[in-house]
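S.K.: Sequence first, then the predicted structure:
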Number of protein chains: 2
Amino acid sequence: MSRPNHPAKSPTMRDVARLAGVSQPTVSRVLNDTATTVSISEETRQKVLDAVKALGYHPNMTARSLRTQKSQMIALMIADISNGFYHPMARAVQDVARKHNYDVIIANSDHRYDNEKHFLEAVIRRPVDGVIMVVFRLTDEEIDRFITIAQTPIVVLGVQIEHPEVDVVWADDEKATFEAVTWLIEERGYSQVGFLGVPDDYPPGPRRWNGYKRAMEHAGLPIFSDYLYFQGDFTLESGRKAARELMTRQDWPPVMFALNDLMAIGFILELQDAGYNIPDDIAVMGFDDIPEASIIRPHLTTIAQTPVDIGQKLVNTLFDRIEGNRNGPKRILEAPCILTPRQSA
Amino acid sequence: MSRPNHPAKSPTMRDVARLAGVSQPTVSRVLNDTATTVSISEETRQKVLDAVKALGYHPNMTARSLRTQKSQMIALMIADISNGFYHPMARAVQDVARKHNYDVIIANSDHRYDNEKHFLEAVIRRPVDGVIMVVFRLTDEEIDRFITIAQTPIVVLGVQIEHPEVDVVWADDEKATFEAVTWLIEERGYSQVGFLGVPDDYPPGPRRWNGYKRAMEHAGLPIFSDYLYFQGDFTLESGRKAARELMTRQDWPPVMFALNDLMAIGFILELQDAGYNIPDDIAVMGFDDIPEASIIRPHLTTIAQTPVDIGQKLVNTLFDRIEGNRNGPKRILEAPCILTPRQSA
DNA sequence: CGAGTTTATGAAATCGTATGCACTCAGTAT
DNA sequence: ATACTGAGTGCATACGATTTCATAAACTCG
C-alpha cells in the first residue's frame, strides 16, 4: 500500500529527460508526435518511452494549458439536473467530448438568472475551449459581453439567442404546440383546452403560449384566460400547485396542455391523490417525453423531444468550431418534436 | 455588439500593472490580500483596483493553478446520471463546492469498470484538489496506485473501499435490507420473499443479499434460490426483464424485494403492462426512494436513503481534507436508511 | 574533398501568476 | 550624525509544459 512518508510528487518531463539522458524538449516531442516537421531517432524515442513507463509519468494538463492556451475542457450548463430531459443530453455531450479527449464541467442553473450569470463568470476565470448552455434568462447583450472577454465558441439550446457568433440548436416548439393542441381538438375531440405555462420571461413561455393561442383561434375557440390558464415554474411541485388551484374552480376544461412533462406529472399526481380520474375527469398532455412520462399511470401523452440528438447536435457543432472545421457564420440546427399519444389524453 | 476584428485577448496582471504604474507582483499582492506579512499602501491598492476595473481584468486560473499547484476544482464520479438517486447528491456537492469557490467536473461510470478506470486516469492528467467517487468496481489496489500518483484527497461512497487514506460515506444497507425483509414478513405477513439483485461483483449485491438471507433465516424461511432469485444490472430495463422471466414461471413469491428502485419500477411496469395487479398479484419493494417511486402507481414501498445528506457528508469531508482542517486517519460516516411504507408492498 | 543539405537534438523564451529576497526610504534610537 | 528598524515595492525565479531558433553531426553531391 502507499507510503505516506514518501511524498513522491508527480514526475515531470525533466525527470523523464534526466532518466532517458535527453533534453526535456525532446521528451515533449516524443510524446506529442509533433506533426510539424520534426523527427526523432527511433533510439531516443524508445529511451524516452521506457523512461516514461519507468517513472509512471503523466503530462500535467495545467502546464500544457497555460502554454497552449487550450484547456481541453468544455463547460456545460443545464437548467435542472433533476429534469430527466437533460440526462441523455448531458450524457451525449460527455460521450462525444470524451472521444475528443475533453473533460466536461457541468453546472446547473435551476432556471435562475444569477446562476446563469455566475456560470459565465466562472467560465471567464477558468478558460474552457467551448461552452454549451441551455439558456433561459441571459440576454444577447450579456452573452456578447462574455464573448468579447472569453473568445470562446458557444452553442446554446434556445432559439431566443440571436447573437451572430452563437450557434443555436432549437426545436420548433411553437409549431409543435400548435399541432398538438389542434390534434387534441380535431382528433381527440376535446371541446376546450387549458394551458399550464410559465411566466413570459422564460422564453418557452411565450412561444408555446403562442402555439396554443394560434391553435385555439384556428379552431374557433375562445380563450378565457382566467378559466383556462395556469402558471407554474417547470417543476413537478408547481404542477401540483396548479392542480390544487384547479380544484378550487367550478368549471374545468376537459383537457390540460402542460408546457412540460414535469408539471403535467405533478398536475396528474395531485388530482389522483384527491381521487380524480385521469383522463376521464380531466385529460393531460405534456411536453418533452421524459422517462417518468412512461412510468406514471396513465402513461403521459406528450410531445417527444430527442435529447440525445439535441446533445449530439450541440456538442458536434461546438467541436466543429473548436477544431476549426468551421468558421462560418451563426449556425442554426433544428431538432424534431414528435407527437406521442399515450393514455393521458 | 462584438468586434471580431479586434482579437482582444484577456488582459493580464502585467497589463494591469502597466496601467496602474506598479509592478506585476504588486498587483498580485493587492488582489490576493496575501495574509502573510505584506502590506500595501492604500494609494497603490486603489490605483491597482481602478486599473483592474478599467481593463476588466480576470485572473487566469490556469496560470494560478500551475503556480500554486491547486486547481480549485474537484471531480465527482457518479454511477449513473439517469438514476434519480444521484441528482440531489450531485447538487449538494456542487452547492458546497461553489461556496468554497470550486468548480466540479462530473463524470459518469454507468457502473462500468473501464469508465471508472478512465476517470482515475483523467484525474491524474488534470490534477484536481479532491475527488469524490461512487465506486462499484475499482479495487483498493487501484485506488492505492492512484493515491500515490495523484496525492489528492479522496472520499468515496461505498464501504467496500478499505484503503486507510480514503474517507468513506456509507449506509448500512445490509442491516436495512435485513430489517426491511423482516418487516415484510412479520408486519406485512408475506410468507415468502423474492430477491431481485445484481451480480456479486457489484458490492451492494452481496451486502444486500446477505441482509436478505439473514432475514429469511431469522424468519425460518427456506431460500429456494432458483425460485426466488432474479438478477438485473440496476437499470429499469433489467427490472422489466426480470418480470418477463417471472412470468414464465409457475410459482410466484407473494412479494419481491428489489435491490434498487429503478429495477423495482421496471419490474412493476412490465407486470402491469401484462395485466397483473400490484400488489395483489405480487407486491414489490425497492431501495433508494428516488422521485419516480412517488410517481408510479401504486407508489413504491421502499427504503429511503438521504442523498442530500450523503452528498453533503461527502463534500464536507473532502473539504475538511482539502483545507487541511483534518489530517487524521480514515474517516467513516454513516448515512441513515429509512423504511418508507407506501402502497406497493 | 569541401560546400551544402538534412537529421536529430539542445538552449532559451514563453504562457500568467505567486513568492522569497533585496532594496529604498522614512522614522526612530543612540 | 550613524545605525537600525520596518513599511512598501520591485526583481528574479519557479511552476511544467510547448515552440522557435540555433547547432552539431551525418550525409549528399559536384
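M.R.: Looks like it arrived, so ask away.

S.K.: what mean pLDDT does stretch A:239-251 have?
M.R.: Stretch A:239-251 shows an average pLDDT of 95 in the prediction.

S.K.: in that stretch, what's buried?
M.R.: The neighbour-count check on stretch A:239-251 (16 or more other C-beta atoms under 10 Å in any protein chain shown) flags A:239-243, A:246 as buried. Glycine gets a C-beta too; all of them are placed from N, C-alpha and C.

S.K.: Same list (those) but as a markdown table, adding secondary structure and distance to residue B:17.
M.R.: Converted to a markdown table, the buried residues of stretch A:239-251 look like this (DSSP: H, G, I helix; E, B strand; the rest coil; distance: C-beta to C-beta, whole Å):
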| residue | secondary structure | distance to residue B:17 |
| --- | --- | --- |
| A:239 | helix | 55 |
| A:240 | helix | 57 |
| A:241 | helix | 55 |
| A:242 | helix | 57 |
| A:243 | helix | 61 |
| A:246 | helix | 63 |
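
S.K.: Between those residues, which sits nearest DNA strand D?
M.R.: Compare each of those with DNA strand D using C-beta to the nearest atom of the strand and the shortest gap goes to residue A:239, at 51.3 Å.

S.K.: residues touching the nearest residue to residue A:160 once chain neighbours are set aside, list them.
M.R.: In space, residue A:160 comes closest to residue A:203 once its chain neighbours are excluded; the distance is 4.2 Å by C-beta to C-beta, 6 or more residues apart in numbering or on different chains. For residue A:203, the contacting residues are A:135-136, A:158-160, taking C-beta atoms under 8 Å, 6 or more residues apart in numbering or on different chains as the criterion.

S.K.: For the stretch 51-200 of chain A, what lies in contact range of DNA strand D?
M.R.: Along the stretch 51-200 of chain A, the residues adjacent to DNA strand D under the rule C-beta under 7 Å from any atom of the strand are A:59-60, A:63-64, A:66-68.

S.K.: domain parsing for chain A?
M.R.: Domain assignment for chain A by automatic domain parsing gives A:13-59, A:71-171+A:307-335, A:173-304.

S.K.: need the strands for chain A, in chain order.
M.R.: Taking DSSP state E as the test, the strands found in chain A are A:73-78, A:103-108, A:130-134, A:154-157, A:166-171, A:194-197, A:229-231, A:255-258, A:283-285, A:302-304, A:332-335, A:338-340.

S.K.: Helices along the stretch 1-150 of chain A, start to end?
M.R.: Along the stretch 1-150 of chain A, the segments classed as helices by DSSP state H, counting those that start in this stretch run A:13-20, A:24-32, A:42-55, A:61-68, A:86-99, A:113-125, A:140-150.

S.K.: follow-up on the earlier one: make a PyMOL selection of the buried ones in the contacts of residue A:203.
M.R.: Those of these that meet the burial criterion (16+ other C-beta under 10 Å) are gathered into one PyMOL selection, given here:
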select buried, chain A and resi 135+136+158+159+160
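
S.K.: and the domains of chain A, which one is worst for confidence?
M.R.: Lowest mean pLDDT within those: domain A:13-59, a mean of 85.

S.K.: That domain spans what distance, first to last residue?
M.R.: Using C-alpha to C-alpha, to the nearest Å, the end-to-end distance of domain A:13-59 comes to 8 Å.

S.K.: does residue A:154 really touch residue A:143, like I thought?
M.R.: Yes. Using C-beta atoms under 8 Å, residue A:154 and residue A:143 qualify as a contacting pair, with a distance of 7.0 Å.

S.K.: Would you mind measuring from residue A:303 to DNA strand D?
M.R.: When C-beta to the nearest atom of the strand, to the nearest Å is the yardstick, residue A:303 and DNA strand D sit 47 Å from each other.

S.K.: Buried deepest among the helices of the stretch 1-150 of chain A, which one?
M.R.: Between those, the one whose residues have the most neighbours on average, counting mean count of other C-beta atoms under 10 Å in any protein chain shown, is helix A:86-99 (a mean of 20).

S.K.: can you dump the C-alpha coordinates of it into PDB?
M.R.: Listed next in PDB are the C-alpha coordinates belonging to helix A:86-99 (Å, rounded to 0.1, in the frame of the first residue of the first chain):
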ATOM      1  CA  TYR A  86     -31.300  16.800 -19.700                       C
ATOM      2  CA  HIS A  87     -29.700  13.500 -18.700                       C
ATOM      3  CA  PRO A  88     -29.500  11.900 -22.100                       C
ATOM      4  CA  MET A  89     -28.400  15.200 -23.500                       C
ATOM      5  CA  ALA A  90     -25.600  15.600 -20.900                       C
ATOM      6  CA  ARG A  91     -24.500  12.100 -21.500                       C
ATOM      7  CA  ALA A  92     -24.300  12.600 -25.200                       C
ATOM      8  CA  VAL A  93     -22.200  15.700 -24.700                       C
ATOM      9  CA  GLN A  94     -19.900  13.800 -22.400                       C
ATOM     10  CA  ASP A  95     -19.600  10.900 -24.700                       C
ATOM     11  CA  VAL A  96     -18.600  13.000 -27.600                       C
ATOM     12  CA  ALA A  97     -16.300  15.100 -25.500                       C
ATOM     13  CA  ARG A  98     -14.500  12.100 -24.200                       C
ATOM     14  CA  LYS A  99     -13.900  10.900 -27.700                       C
END
